[in-house]
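*Asks:* With the input below, show me the fold.
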Amino acid sequence: MTTRNGTVRIPAWSMAIAAMLMIQISNALSVGVIEHIGPGGTAWLRMCFGAVFLLLIARPSFRSITRRDVPKLLALGVVTGFMTTFFLAAVERIPLGTAVAIEFLGPLTVAGLAGKQRKALLWPVIALLGVVLLTEPWHGGVDLLGVGFALLAGACWGLYNVLTQLVGDRFSGISGLALTIPVAAVATSAVGLPQVLDGDLDWVLLLVIAGIALITPVISFGLEMLALRRMNHTAFGTLLAIEPAFGILIGLLILSQTPTVMQMLGIALVVFAGAAAQRGGGRTLEDPVSGTPDLAEQER
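*Replies:* Numbers count the residues shown, from 1 in each chain. Okay, here's the model as predicted:
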């Protein structure tokens, strides 16, 4: 995409899709780490390394933070930290694709509530039906705790999308992310630090976690924040419909988690519900410094 002044601009949707793939790859790679230090420890170290990387890269201006910014930054940091923690706790117990589909109910519900038509709330119900097919409760093997963790991660995910847009509009680039990931590390330390201390951690595993953290939260969350600055909640929530399919794909390729025919049908329903939830969604973004609309940010 080329703006009016001739500058080449990466489409927001492509950044969002790249972020989704990276997030699922990092989650799949985290499964092996969880075996050594638990889901809380894995999430916490990812946040710690991510905070260090982002502070070094973005070098945010702490003087630019106002009192009105503090609640948003703290809220986004806490939500981000526990979104990751709950999700990793879920994938410890249930397949990656199933966990993503259940978690997706959060942002899909936000997209439905943000829609102007009441019928938009029908789509989360259809997605829920898809989740039922994914978990196959009639086989009696549902891990309710894993499902519960995924639902909690979904609630955090829905809040994360809303808060990321607010923080992204206020701070340029990824400086907002550099301010919130340290908060995420602090917020999850009570859960993560004990698991790390009781776990089996060595320098090789630390390097692996550092690499995963570079993928998520640094690169992927940064791309999401940049994408959300140029898309509304509805458009972003609709685009996220692809993520459960990515979860199935990455789970198959990296974790050898092969879905059944019924589970594939369930994923199809979740993806369909997400895609049908809402359409459109460019945003007119005000420049965080001047406050003037940046018409080049509008996309469809």
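*Asks:* CA only for contacts and neighbour counts going forward, please
*Replies:* Will do.
*Asks:* quick one, longest helix in this structure?
*Replies:* Longest helix of the chain, by residue count under DSSP state H: helix 12-58.
*Asks:* Summarise which helices and strands the host helix or strand of residue 206 is packed against.
*Replies:* Per DSSP states H and E, residue 206 falls inside helix 203-213. Where contact means 3 or more CA pairs under 8 Å, 6 or more residues apart in numbering; DSSP states H and E, helix 203-213 is packed against helix 12-58.
*Asks:* Now do the helix it packs on and helix 203-213, the angle between them.
*Replies:* Angle, helix 12-58 to helix 203-213, by axes from the mean of the first three to the mean of the last three CA atoms, to 10 degrees: 130 degrees.
*Asks:* helices or strands up against helix 12-58?
*Replies:* helix 69-91, helix 175-187, helix 189-198, helix 203-213, helix 220-228, helix 233-239, helix 243-255.
*Asks:* CSV for the ones you listed, including distance to residue 140, mean neighbour count and mean pLDDT?
*Replies:* Shown next, in CSV, are the helices and strands packed on helix 12-58 (distance: least, CA to CA, whole Å; neighbours: other CA atoms under 10 Å; pLDDT from 0 to 100):
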stretch, distance to residue 140, mean neighbour count, mean pLDDT
helix 69-91, 18, 23, 97
helix 175-187, 36, 25, 95
helix 189-198, 30, 17, 97
helix 203-213, 34, 17, 97
helix 220-228, 36, 24, 86
helix 233-239, 32, 24, 66
helix 243-255, 22, 21, 93
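*Asks:* just so I know, which of those lies nearest residue 26?
*Replies:* Of all these, helix 203-213 sits nearest to residue 26, with 5.5 Å by CA to CA.
*Asks:* Show me the contact partners of the closest one.
*Replies:* Contacts to helix 203-213, defined as CA atoms under 8 Å, 6 or more residues apart in numbering, come from residues 26, 29, 30, 33, 42, 45, 46, 47, 49, 50.
*Asks:* and if you look at stretch 183-202?
*Replies:* 36-45, 47-48, 51, 74, 77-82, 85.
*Asks:* pLDDT score assigned to the nearest residue to residue 255 once chain neighbours are set aside?
*Replies:* Leaving aside its sequence neighbours, residue 255 sits nearest to residue 28 (CA to CA, 6 or more residues apart in numbering; 6.8 Å). On pLDDT, residue 28 comes in at 97.
*Asks:* wait, what's in contact with residue 28?
*Replies:* Contacts of residue 28 by CA under 8 Å, 6+ apart are 96, 250, 251, 254, 255.
*Asks:* Was I right to think the second one contacts residue 27?
*Replies:* No: with contact taken as CA atoms under 8 Å, residue 250 and residue 27 are classed as non-touching, separated by 9.2 Å.
*Asks:* Retrieve the pLDDT associated with residue 113.
*Replies:* The predicted local confidence for residue 113 is 75.
*Asks:* Check what pLDDT the nearest residue to it once chain neighbours are set aside gets.
*Replies:* Excluding the flanking residues, the one nearest residue 113 by CA to CA, 6+ apart is residue 121, at 6.7 Å. Turning to residue 121, the model gives it a pLDDT of 72.
*Asks:* Show me which of the contacts of helix 203-213 are buried.
*Replies:* 26, 29, 30, 33, 42, 45, 46, 47, 49, 50 (16 or more other CA atoms under 10 Å).
*Asks:* could I get these as JSON lines with distance to residue 193?
*Replies:* Formatted as JSON lines, the buried ones among the contacts of helix 203-213 follow (distance: CA to CA, whole Å):
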{"residue": "26", "distance to residue 193": "20"}
{"residue": "29", "distance to residue 193": "20"}
{"residue": "30", "distance to residue 193": "17"}
{"residue": "33", "distance to residue 193": "15"}
{"residue": "42", "distance to residue 193": "9"}
{"residue": "45", "distance to residue 193": "8"}
{"residue": "46", "distance to residue 193": "12"}
{"residue": "47", "distance to residue 193": "12"}
{"residue": "49", "distance to residue 193": "14"}
{"residue": "50", "distance to residue 193": "16"}
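*Asks:* can you pull the contacts of the nearest residue to residue 173 once chain neighbours are set aside?
*Replies:* In this structure, residue 173 finds its nearest non-sequential neighbour in residue 226, 6.7 Å apart by CA to CA, 6+ apart. Residues near residue 226 by CA under 8 Å, 6+ apart: 12, 15, 168, 173, 174.
*Asks:* can the helices and strands packed on helix 12-58 go into JSON lines with extra columns for distance to residue 143?
*Replies:* Shown next, in JSON lines, are these (distance: least, CA to CA, whole Å):
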{"stretch": "helix 69-91", "distance to residue 143": "9"}
{"stretch": "helix 175-187", "distance to residue 143": "27"}
{"stretch": "helix 189-198", "distance to residue 143": "21"}
{"stretch": "helix 203-213", "distance to residue 143": "27"}
{"stretch": "helix 220-228", "distance to residue 143": "29"}
{"stretch": "helix 233-239", "distance to residue 143": "27"}
{"stretch": "helix 243-255", "distance to residue 143": "18"}
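*Asks:* Sounds good, over and out.
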